[in-house]
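Visitor: I'll drop the sequence and a predicted model, then ask my questions.
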Amino acid sequence: MKYTTVVRADDKSSEIEKKIRDLITINYDEKNPDYVIAVGGDGTIIKASHQYPNAIIFGVHTGHLGFYANYSIDTLEDLINDINTSKFECQSIDLIQCELINGNKKRLIGNALNEVSIITPLKTLLLGVYVDGEFLETFRGTGLCVSTSFGSTAYNKSLNGAVVDTAISSIQLTEIAGINSNAYRTLASPLVLSSNRVIELTNNEINKSVHITVDHENVDIKDFTSIKISSSKNKIKMAYHKYEDHLKRIRRTFLK
């Protein structure tokens, strides 16, 4: 077995990474690791999941406890022993994927652990919203966010979206500053859908440019036509010393 590290750029995280590397006995390999130790915060874990999508992710929080990490500075001994012995619990986490069409070109942007969003900060969007090819509504506003069950506690939560039990395989559509008037009427509420649904957002304006985010990655799209967002066949594997119940994770992250 081989491992590598992804480290947040701060002194504490760098110090913890050095300590870990001094005590781990399996080989270090940046190119094709079986395990990835993400040292930092939730953003570091998400970065690691994009950089090494086929590896098992071990998340170590070096600051305030976040949602994804299952190890902390106080449990480094467990982490090191788990990796050296290859004895740990592992969970597969659902991803969503997005397929973009701009002009006549179709391309897959990538997979998201938390969410995909489409926004235009300087001007309102006018989008057709379809679910499984069936028209739902015309949306006007800053943008829309589509999140996974795990991602429901991230950007989606700040948009007043629903926090979804991770045992439920779902995708959620949440408005970003929607406009409701006599001219435009939307659901004006988060919509939680089965993970086998496909959400399509279509451009209702001419030569519209949009900003699309896929977790921490982002891209500006000119001549935007449409985007389809659905569950991905790929999953991220997350390691645990001992699996933590979802409600306990919510409580320690947001309520304690």
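Guide: Arrived safely, thanks for sending.
Visitor: Worst mean pLDDT across the helices and strands of the chain, which element?
Guide: Counting by mean pLDDT, DSSP states H and E, the chain has its least confident helix or strand at strand 105-112, which shows a mean of 80.
Visitor: Remind me what it packs against, helices and strands.
Guide: Using 3 or more Cβ pairs under 8 Å, 6 or more residues apart in numbering; DSSP states H and E as the contact test, the elements touching strand 105-112 are strand 89-102, strand 210-214. The C-beta positions use only the backbone N, C-alpha and C, and glycine is treated the same way.
Visitor: The shortest one pairs with which strands, and in what direction?
Guide: What that stands for is strand 210-214. strand 115-119 (antiparallel), strand 217-221 (antiparallel) (DSSP bridges).
Visitor: quick one: low-confidence ranges for this structure?
Guide: 64-65, 104, 108 (pLDDT under 70).
Visitor: now with 80?
Guide: For the chain, the stretches with pLDDT under 80 are 63-66, 103-109, 206-207, 256.
Visitor: related to what we said a few turns ago, mean neighbour count, the strands paired with strand 210-214: which tops it?
Guide: By mean neighbour count, with neighbours taken as mean count of other Cβ atoms under 10 Å, strand 115-119 ranks first of the strands paired with strand 210-214 at a mean of 24.
Visitor: What residues of the next helix or strand after it count as buried?
Guide: Heading C-terminal from strand 115-119, the first helix or strand you meet, by DSSP states H and E, is strand 125-131. Neighbour counts over strand 125-131 (16 or more other Cβ atoms under 10 Å) mark L125, L126, L127, V129, Y130, V131 as buried.
Visitor: With stretch 219-230 instead?
Guide: Using 16+ other Cβ under 10 Å as the test for burial, stretch 219-230 gives I221, F224, S226, I227, K228, I229, S230.
Visitor: List of residues touching stretch 245-254?
Guide: Contact partners of stretch 245-254, identified using Cβ atoms under 8 Å, 6 or more residues apart in numbering, comprise L65, G66, F67, T153, V163, D165, T166, A167.
Visitor: Could you identify the most distant pair in those?
Guide: For the contacts of stretch 245-254, the maximum inter-member distance is 21.2 Å, found between L65 and A167 (Cβ to Cβ).
Visitor: Which one's more surrounded, these two?
Guide: The neighbour comparison of L65 against A167 (other Cβ atoms under 10 Å) goes to L65, with 13 against 9.
Visitor: Derive a PyMOL selection command for the buried subset of the contacts of stretch 245-254.
Guide: Those of the contacts of stretch 245-254 that count as buried under 16+ other Cβ under 10 Å are selected in PyMOL with:
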select buried, resi 66+67+153+166
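Visitor: so which of the contacts of stretch 245-254 would you say is closest to I109?
Guide: For the contacts of stretch 245-254, the residue nearest I109 by Cβ to Cβ is T153; the value is 22.7 Å.
Visitor: ok so, going back, orientation of the least confident helix or strand of the chain relative to strand 210-214 in degrees?
Guide: With axes from the mean of the first three to the mean of the last three Cα atoms, to 10 degrees applied, the angle from strand 105-112 to strand 210-214 works out at 40 degrees.
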